[in-house]
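S.K.: Quick one, fold the following:
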Amino acid sequence: MRDILLFVIVVGLVPVILMRPWIGILAWFWSGLMTPHFLTWGFMRTFPIAIVFGGATLAGLMMTKDRRGMPFTREMMMMWMLVAYTAMTSYFAVYPSAWSFWQHLMKILLITFITPILVHGQRRIIALLLVITFSIAFYGFKGGLFAISTGGAHMVLGAKGSYLSGNTYIGIAMIMVLPLVLVSARLFHYQWEDFGSELVRRFSTKIGLILYGVFWLTAIAILATYSRGALLGLLAIAPFLFIRMKRKGLMIALAFLGITVLGVTVPDRLMARWGTIETYEEDTSAMQRVQAWGVSWNMALERPIRGMGFRFTYMDYDWWITYANFEGTWEHVLSPHSIYFSLLGQHGFGGLVVFMTLVGFTFLTLNRIRRHAVRETGQIWLSEYAWAMQMGLIGYLVAGTFLDVAYFSLFYAFVALAIIMRRELEEAPRANETIQADKHSVNEPAQKPESATGPRFPDFVPKPDDLLNQPRPWFKNQ
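M.R.: Okay, here's the model as predicted:
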């Protein structure tokens, strides 16, 4: 039954995407993050949903006029640099089939490149944010209920067979969207956006309350993954989330009541798992990571610019162990289990610099949006979501120390959203200009604000009329 329902949804979305290709972006991220086909048991498990959605989106892009020019931003430049750099390291890779993984990365980056072309305007941006948030929050809601019902006796995992099936993978994904769930709850509770639906307006407050519940269930699910990396990522963002919350006194009182009166405690299995962080020398899994990190570091020292290329872990053990600082009782090639050491081994120090520069530019852009959106344009939702994505990036960088997720599509969705949201900030009417315009009489047309004379945000191909009306260069402020 699930297979038939999902098949009907996929087939039904194709003509919609051809007519409105921006919906294909939403569908692609939904299928890639939530992986609904791995929640089925029949023919849809192997159905190429991402290819169908991606192909329909590209076809619709070719036919539609509802698109923008590709933004020429520092994040976009670094992504093109990443494309070129990984192509170079794939050419010099030690494993012959490195190109196959490079092609996989290009599929992710292709959608990242065209997302700012098709997604523009407040409602489309919020729709994309909600789709990304709910795709992962679904597992937080489900995992939180499972953890409570079982008393934390079992590990929370992602959909079996999917990219997020492992506990650490689903853990880092939930950490990245946890702040987004909180902001989405506020979006509905305070009705920052009018979705044009009377039904949504009527139940908006109730939807917000439900999402607050999903937020806490997701936090519980993260703990119940038993992932040490997820724990550290949650601890990194928890203080920022607490500061941002309201009713702090009530939360502290409830926590105190639960511990002292109700006797709520952390499950022994969970405490034992976390305790291995301090005694990592006695834990085989931790020592395997230390060994693999040393291998990647030594590879980067030998080939600091070219690296070993994608899939160097597919090489035989005798070659791989020559780069190790010590040899354990396990005799097999190990994954680097880290964003940073994975990049070092695959692309050398040069590749790590390119990737971290992309991360840094994205974080700074989100910080600018967070600081200026409310003051300049009055867009509370824009500032709040920028903050949430910043927190998600912090969690990603901390938890990613113990997991090789440098090519996680959710991270590149954040990059695309940072570009889009920056454009929204630059092109939105200034708050003071809107007030001035409201003071004009009906018979006297208001003066056109400067921000409406053309896109201040840099596009590769600005409209001719925009250039004629612009008093200053169109690439100003970059």
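S.K.: Give the residue spans of the stretch 351-478 of the chain that score low on pLDDT.
M.R.: For the stretch 351-478 of the chain, the stretches flagged by pLDDT under 70 are 431-478.
S.K.: What segments of the stretch 51-200 of the chain are helices?
M.R.: Counting by DSSP state H, counting those that start in this stretch, the stretch 51-200 of the chain has these helices, from start to end: 74-91, 98-118, 122-150, 167-189, 198-223.
S.K.: got those as TSV, with mean neighbour count and distance to residue 20 columns?
M.R.: Every C-beta, even on glycine, is put in place using the N, C-alpha and C of the backbone. Conversion of the helices of the stretch 51-200 of the chain to TSV gives the following (neighbours: other Cβ atoms under 10 Å; distance: least, Cβ to Cβ, whole Å):
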stretch	mean neighbour count	distance to residue 20
helix 74-91	18	24
helix 98-118	19	9
helix 122-150	20	10
helix 167-189	25	23
helix 198-223	17	20
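S.K.: Residue 424: which of the ones you listed is closest?
M.R.: helix 122-150 (6.1 Å; Cβ to Cβ).
S.K.: between the closest one and helix 98-118, how big is the angle?
M.R.: Note on geometry: by axes from the mean of the first three to the mean of the last three Cα atoms, to 10 degrees, helix 122-150 and helix 98-118 are set 120 degrees apart in direction.
S.K.: Might one say that residue 333 is in contact with residue 317?
M.R.: Yes. Using Cβ atoms under 8 Å, residue 333 is in contact with residue 317, at 5.5 Å.
S.K.: Looking only at neighbour counts, state which of these two leads.
M.R.: When neighbours are counted by other Cβ atoms under 10 Å, residue 333 and residue 317 differ, and residue 333 comes out ahead with 17 against 12.
S.K.: Look up phi and psi at the more buried one.
M.R.: phi -70, psi 140 (degrees, to the nearest 10).
S.K.: ok, back up a step: okay, the helices of the stretch 51-200 of the chain in a markdown table with mean pLDDT and distance to residue 158 next?
M.R.: Listed next are these as a markdown table, based on pLDDT from 0 to 100; distance: least, Cβ to Cβ, whole Å:
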| stretch | mean pLDDT | distance to residue 158 |
| --- | --- | --- |
| helix 74-91 | 96 | 26 |
| helix 98-118 | 93 | 18 |
| helix 122-150 | 94 | 6 |
| helix 167-189 | 94 | 4 |
| helix 198-223 | 91 | 10 |
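S.K.: Of the ones you listed, give the one that comes closest to residue 40.
M.R.: Distances from residue 40 to each of the helices of the stretch 51-200 of the chain were compared using Cβ to Cβ; the shortest belongs to helix 122-150, at 14.6 Å.
S.K.: who does the closest one touch, helix- and strand-wise?
M.R.: Taking 3 or more Cβ pairs under 8 Å, 6 or more residues apart in numbering; DSSP states H and E as the contact definition, the neighbouring helices and strands of helix 122-150 are helix 22-33, helix 167-189, helix 198-223, helix 380-399, helix 409-427.
S.K.: how big is the angle separating it from helix 167-189?
M.R.: Here helix 122-150 points in a direction 120 degrees away from that of helix 167-189 (the same axes, to 10 degrees).
S.K.: quick one: low-confidence parts of the stretch 201-350 of the chain?
M.R.: Judged by pLDDT under 70, the stretch 201-350 of the chain has its weakly predicted residues at 247-283.
S.K.: Would you quantify the distance from the most centrally placed residue in the chain to residue 68?
M.R.: Relative to the mean C-alpha position of the chain, the nearest C-alpha, by Cα atoms, centre = their mean, is the one of residue 410, at 3.1 Å. Summarising the geometry, the distance separating residue 410 from residue 68, computed by Cβ to Cβ, to the nearest Å, is 23 Å.
S.K.: ok, now residue 339?
M.R.: As judged by Cβ to Cβ, residue 339 and residue 68 stand 31 Å apart.
S.K.: returning to that earlier point: could the helices and strands packed on helix 122-150 go into JSON lines alongside distance to residue 153?
M.R.: Putting those into JSON lines (distance: least, Cβ to Cβ, whole Å) gives the following:
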{"stretch": "helix 22-33", "distance to residue 153": "28"}
{"stretch": "helix 167-189", "distance to residue 153": "14"}
{"stretch": "helix 198-223", "distance to residue 153": "13"}
{"stretch": "helix 380-399", "distance to residue 153": "23"}
{"stretch": "helix 409-427", "distance to residue 153": "29"}
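S.K.: Was I right to think residue 174 contacts residue 220?
M.R.: No. Taking contacts as Cβ under 8 Å, residue 174 lies outside contact range of residue 220: 10.1 Å.
S.K.: Can you report phi and psi for residue 3?
M.R.: Reported as degrees, to the nearest 10, the phi and psi values for residue 3 are phi -60, psi -50.
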